[in-house]
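**Student:** predicted model and sequence below, questions to follow.
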Amino acid sequence: MALGRREFLKGAGTCVGGASAIALGFAPPKAFAQETRQYKLLRAKETRNNCTYCSVGCGLLMYSLGDGAKNAKPSIFHIEGDPDHPVSRGSLCPKGAGLVDFIHSDGRLHYPSYRAPGSKEWTRISWEEATDRIARLLKDDRDKNFIEKNEKGETVNRWLSTGMLASSAASNETGLLDFKFARSMGMLALDCQARLCHGPTVSALAPTLGRGAMTNNWVDIKNANVVLIMGGNPAEAHPVGFKWVMEAKIRNGAKVMVVDPRFNRSVP
């Protein structure tokens with residue numbers, strides 16, 4: 001009984017000492033390992049979109065915060081692959097996975113800038129100023145260099161002194177509007193990056209299949225028995241699309257042939 005009393009007094013003294021230490025500010029650090037955090041996407045708005053970095057067009061789920069009030073500007077804080085997208089099925093390559101860093105990059109331009117001829121300095125201007133200046137320069141050049149009739153007197157309505165460089169990563173609808181705008185103004189010089197990267201496609205598909213564009217979808221590649229890669233390196237340029245080539249190899253035992261003077265990662 002005496003021993004039990006001593007142990008009780010010792011334990012009580014320890015508790016009093018511990019409580020006194022906590023009261024003096026000597027509390028142990030909080031353990032966060034077992035603490036549950038609030039799900040970060042709980043209050044977020046989910047928006048579906050497509051990545052425009054390449055022609056695979058992977059599906060995106062973008063999450064933003066902002067209650068939709070008039071003075072509240074939504075801010076995207078998380079982007080991930082869309083598991084319901086038929087081609088990418090939730091996958092993203094490093095370019096798509098880094099979209100959040102691109103959106104919030106310190107070097108990203110958020111407004112138009114103007115550099116006067118001969119100047120080394122860029123000056124911030126408003127969107128209205130930029131739009132008005134572009135429209136004025138286009139009209140002045142068109143009025144000066146527009147060709148209504150050729151040497152034979154035939155109506156041609158050409159504008160050869162100005163061209164348009166469009167985006168190759170835009171949607172079909174945007175591409176159609178770009179084309180109609182340029183052609184309606186009389187422009188003949190209309191170009192985009194796809195003329196270079198998809199040039200071999202047109203040269204190969206048109207004589208072979210009668211059409212210079214892809215005639216099936218990415219997923220259909222998994223049904224192939226032979227895959228011929230020429231003038232490209234899809235394992236690095238289109239890694240998410242290239243996974244369907246790997247599916248063909250694994251499931252069908254497809255033969256993959258690469259025609260390239262360099263050794264690249266698409267080589268089986």
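**Tutor:** Yes, it's here.
**Student:** what distance do you get for the residue nearest the centre of the chain to E128?
**Tutor:** Among the residues of the chain, the one closest to the centroid is C51, at 3.8 Å (C-alpha atoms, centre = their mean). Here the criterion is C-beta to C-beta, to the nearest Å. By it, C51 lies 31 Å from E128. To be clear about C-beta, it is placed using only N, CA and C from the backbone, and glycine gets the same treatment.
**Student:** please apply the same query to V219.
**Tutor:** In terms of C-beta to C-beta, V219 sits 45 Å off from E128.
**Student:** who's more crowded, those two?
**Tutor:** Remark: of V219 and E128, V219 carries more neighbours, 14 against 9, as counted by other C-beta atoms under 10 Å.
**Student:** list the contacts of the residue nearest to the centre of the chain.
**Tutor:** Neighbouring residues of C51 by C-beta atoms under 8 Å, 6 or more residues apart in numbering: G57, C58, G59, L60, L92, K95, G96, L99.
**Student:** where does the stretch 101-250 of the chain have low pLDDT?
**Tutor:** Within the stretch 101-250 of the chain, no stretch falls below the threshold (pLDDT under 70).
**Student:** okay, helices next: where are they in it?
**Tutor:** With helices called from DSSP state H, counting those that start in this stretch, the stretch 101-250 of the chain shows them at 127-145, 172-184, 194-197, 199-209, 234-237, 239-252.
**Student:** need those helices in CSV (columns: distance to H85).
**Tutor:** Listed next are the helices of the stretch 101-250 of the chain as CSV, based on distance: least, C-beta to C-beta, whole Å:
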stretch, distance to H85
helix 127-145, 33
helix 172-184, 17
helix 194-197, 22
helix 199-209, 23
helix 234-237, 18
helix 239-252, 10
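**Student:** of all those helices, which one is nearest Y39?
**Tutor:** The closest of these to Y39 is helix 239-252. By C-beta to C-beta, the value is 26.8 Å.
**Student:** name the helices or strands packed onto the closest one?
**Tutor:** Here helix 239-252 touches helix 234-237, strand 255-259, going by 3 or more C-beta pairs under 8 Å, 6 or more residues apart in numbering; DSSP states H and E.
**Student:** any chance of those in a markdown table, plus distance to G199 and mean neighbour count?
**Tutor:** What follows is the helices and strands packed on helix 239-252, written out as a markdown table (distance: least, C-beta to C-beta, whole Å; neighbours: other C-beta atoms under 10 Å):
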| stretch | distance to G199 | mean neighbour count |
| --- | --- | --- |
| helix 234-237 | 14 | 18 |
| strand 255-259 | 15 | 14 |
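**Student:** could the ones you listed be laid out in a markdown table, adding distance to P74?
**Tutor:** Formatted as a markdown table, the helices and strands packed on helix 239-252 follow (distance: least, C-beta to C-beta, whole Å):
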| stretch | distance to P74 |
| --- | --- |
| helix 234-237 | 32 |
| strand 255-259 | 44 |
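**Student:** measure R251 to V245 for me?
**Tutor:** 11 Å.
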